[in-house]
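[1] This is a predicted model, with the sequence first.
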Amino acid sequence: MRIALIAHDKKKKDIIEFALKYHDFLKQHTLYATGTTGRMIEEQTGLNIHRFKSGPLGGDQEIGAKVAKEEIDMVIFFRDPLTAQPHEPDISALLRLCDVYEIPLATNKNTAALLIIGSCK
């Protein structure tokens, strides 16, 4: 499975903890991430991650392009709902593409855990 991992700044700690908790599952799959998130997950977990640009510099759009080409099977995007994001249009476009192409999308830890647990069956 091809899984994209994305997290806003205030959620990076959460996605690292999530990646550590589900390390055995994630290491069996091809992982993609936006730049800073991917670097931080790699450093803390040792997982191999293909990194795109940082989200505000186009990384969300790069992942969106892979979704549109049906090259991503799941998106885990830990969003910060309480902080305005300067690249909100890019984020909305990525979320819309996930809906258009029916790509499972989790925007918080509990939903992401359900996606992973469900894909193990």
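    It's in.
[2] For stretch 92-110, give the mean pLDDT please.
    Stretch 92-110 shows an average pLDDT of 96 in the prediction.
[3] gap between the two ends of it?
    21 Å (CA to CA, to the nearest Å).
[4] can you tell me the average pLDDT over the host helix or strand of Ile15?
    Remark: Ile15 resides in helix 12-21, with elements defined by DSSP states H and E. Mean per-residue pLDDT for helix 12-21: 98.
[5] Could you check how far it is from the centre of its chain?
    11 Å (CA atoms, centre = their mean, to the nearest Å).
[6] Pull out the buried residues from that helix.
    Buried positions in helix 12-21, judged by neighbour count with 16 or more other CB atoms under 10 Å: 12, 14-16, 18-19. For glycine as for every other residue, the C-beta is placed from the backbone atoms N, C-alpha and C.
[7] mind putting the residues you listed in JSON lines, distance to Leu82 included?
    Formatted as JSON lines, the buried residues of helix 12-21 follow (distance: CB to CB, whole Å):
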{"residue": "Lys12", "distance to Leu82": "15"}
{"residue": "Asp14", "distance to Leu82": "13"}
{"residue": "Ile15", "distance to Leu82": "16"}
{"residue": "Ile16", "distance to Leu82": "19"}
{"residue": "Phe18", "distance to Leu82": "19"}
{"residue": "Ala19", "distance to Leu82": "22"}
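[8] Fine by me, we can end here.
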